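Asker: have a look at this prediction, sequence included:
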Amino acid sequence: MRTQEGNAYGRKAPTYKMELTEVGPGTPMGELLRRYWHPVGLSGDATSTPKRVRVLGEDLILFRADGDRVGLVEERCAHRGSSLYYGKVEQGGIRCCYHGWLCRIMVTWGLLSAFTAFATGPTTLAVIRFLLGAAEAGFLPGVIYYLSTWMPARERGTMISSMLLMVPLSNIIGAPISGHLLQLDGVLGLGGWQWVMIAEGVPTVLVGILLLAFLPDSPQDVSWLSRKERDWLEATISQEQEDAAKHGGESVRFVFGSPTVWLLGLIYLANGIGLFGIGSWLPTLIGRAGYPVQQVGYVIAAIYCAMAVIMVLWAKSSDRSNERIWHLIVPGIAGITCLVIAWFGASETVMMWWVAAAIVLLSPVTPLFWNLPPLLLSRKAAAAGFALISSVGALGAFLGPLMIGLIKDSIGNFSDAFLFLCIGPGAAVVILLFVKRHSAFRKPRAA
């Protein structure tokens, strides 16, 4: 029997004394308990990886520095309010994460891109381009690491593809614009190519500055997620990082000593040989196929539109099935097939379109590849590992275009040069078949 007040048998609802039962900051009992010894966690919980603990109604961060010194601090750093859960434990304490590095990378990247317009010769051009490469080297691994702290593994393929979708989108928009900017030759005493470099750099600087104002450090820093949603997201990602640590590691030493990490770098390099080799010479190939200069940009834009569609659809398929390795192998085989068919092309036009089909089908491998490292690397190892893999893979952007140029000059035709590019995606497929046996990649990971 229940009364209208909702209490059985007419009994009064239980009450409690706030001053005795509440232990949060500022409460009488909470302040009393804080005067005495109180356990905050097991000794094994205090490691070089920050751990969130809840004690007396407060969210705190527990860590161990210098091997034996245990630290317990508030979750938010004092000067920026960012979450120390993502902080870096170092000698003497813990340092908060700082997305200002992304701002620094983009600003220096944009400035050096614009300064390329004022290179006076091969030497200054080489120096500026070297500094440009050094300035932007940490951008992709930094962004991948940042995004991996926001999205569970099950959704990561679509998320990374959506981010890298901006690459073909920039070509869709930028290629026609570059064609028109080249016609500004002589305006204000600058060549058309100089206007292209300036237009490339200025927006990058502006976006970099905006990052400081609008980019939050962690899910705990946003208001558009409820407290429950933020806690669930961070708990899920934390569990995934613990799983990654079991299969791989969470130390920088592990990164440089792990053969699997180096193999991932070789996969990224091998695929880069194909993608960058085709991408850098595609405008030349389109021009040789008979398209006028004014139309080359629009043909490239159409090809990159197809790339954008394939990237998104293939990433959704990978996330839906929670399968990663074969979703990398299949595009590699498809790209190789198109390059072989292009070699048999009866004309420059036929060869050009088959080569274009190859880069379209190879395009999903970059975003889907970045699903693999977070399954193996956790916390500090993730940041260092992403940087190492990206550094090794960056050689593909150099080797691919160089290989085509050298082979074309020595043999005299593009068809043999593009056929030779099959070495890159082919090597990636072989390494993937070997890497898939690793425990981190053997079974689909549940979200």
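Answerer: Yep, it's here.
Asker: show me the helices in the stretch 151-300 of the chain, by range?
Answerer: With DSSP state H, counting those that start in this stretch applied, the stretch 151-300 of the chain shows helices at 153-164, 166-181, 192-214, 227-247, 252-257, 259-288, 293-321, listed in chain order.
Asker: of the ones you listed, which is nearest residue 39?
Answerer: Proximity to residue 39 (CB to CB) singles out helix 227-247 among the helices of the stretch 151-300 of the chain, at 21.1 Å. To be clear about C-beta, it is placed using only N, CA and C from the backbone, and glycine gets the same treatment.
Asker: got the contact list for the closest one?
Answerer: With CB atoms under 8 Å, 6 or more residues apart in numbering as the test, helix 227-247 has contacts from 52, 85, 148-153, 218-220, 222, 225, 250, 374-379, 381-382, 438-440, 445, 447.
Asker: also stretch 301-311?
Answerer: 161, 164-165, 168-169, 171-173, 175-176, 282, 356, 359-361, 363-364, 367.
Asker: recalculate using a threshold of 10 Å.
Answerer: Residues outside stretch 301-311 that contact it (CB atoms under 10 Å, 6 or more residues apart in numbering) are 158, 160-162, 164-177, 179, 275, 279, 282, 286, 331, 334, 352-353, 355-357, 359-368.
Asker: in PyMOL, how would I select the buried members of those residues?
Answerer: Burial among the contacts of stretch 301-311 is assessed by 16 or more other CB atoms under 10 Å; the matching PyMOL selection reads:
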select buried, resi 158+160+161+164+165+167+168+171+172+174+175+176+179+275+279+282+286+331+334+352+353+355+356+357+359+360+361+362+363+364+365+366+367+368
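Asker: could you list the buried residues of the longest strand along the chain?
Answerer: Criterion DSSP state E: the longest strand present in the chain is strand 58-65. Across strand 58-65, burial judged by 16+ other CB under 10 Å covers 60, 61, 62, 63, 64, 65.
Asker: next, format those as JSON lines and append distance to residue 110.
Answerer: Output for the buried residues of strand 58-65, formatted as JSON lines (distance: CB to CB, whole Å):
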{"residue": "60", "distance to residue 110": "40"}
{"residue": "61", "distance to residue 110": "35"}
{"residue": "62", "distance to residue 110": "40"}
{"residue": "63", "distance to residue 110": "36"}
{"residue": "64", "distance to residue 110": "40"}
{"residue": "65", "distance to residue 110": "37"}
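Asker: residue ranges with poor pLDDT in the stretch 51-200 of the chain?
Answerer: The stretch 51-200 of the chain contains residues with pLDDT under 70 at 67, 77-83, 86, 96-100, 175.
Asker: and the residue nearest the centre of the chain, what does it touch?
Answerer: With distances taken as CA atoms, centre = their mean, the residue of the chain nearest its centroid is residue 144 (2.0 Å). By CB under 10 Å, 6+ apart, residue 144 lies in contact with 156, 160, 163-164, 367, 370-371, 373-374, 382-383, 386-387, 389-390.
Asker: quick check: of the buried residues of strand 58-65, which lies closest to residue 122?
Answerer: Closest approach to residue 122 among the buried residues of strand 58-65 (CB to CB): residue 65, at 49.4 Å.
Asker: from the buried residues of strand 58-65, which is closest to residue 298?
Answerer: residue 61 (53.6 Å).
Asker: beta partners for the closest one?
Answerer: residue 52, residue 73 (DSSP bridges).
Asker: now do it against residue 51, distance only.
Answerer: Distance, residue 61 to residue 51, using CB to CB, to the nearest Å: 7 Å.
Asker: got any residues that touch both of these two?
Answerer: Common neighbours of residue 61 and residue 51 (CB under 10 Å, 6+ apart) are residue 85.
Asker: for the stretch 251-400 of the chain, give me the ranges with low pLDDT.
Answerer: Using pLDDT under 70, the stretch 251-400 of the chain drops low at 293-294, 346, 379-380.
Asker: can we see that at 80?
Answerer: The model of the stretch 251-400 of the chain has pLDDT under 80 over residues 251-253, 288-297, 345-348, 377-384, 397-398, 400.
Asker: now for the longest strand of the chain, which elements pack on it?
Answerer: On a contact count with 3 or more CB pairs under 10 Å, 6 or more residues apart in numbering; DSSP states H and E, strand 58-65 meets strand 51-55, strand 69-74, strand 88-90, strand 93-95.
Asker: at 6 Å what do you get?
Answerer: Strand 58-65 sits against strand 51-55, strand 69-74, with contacts defined as 3 or more CB pairs under 6 Å, 6 or more residues apart in numbering; DSSP states H and E.
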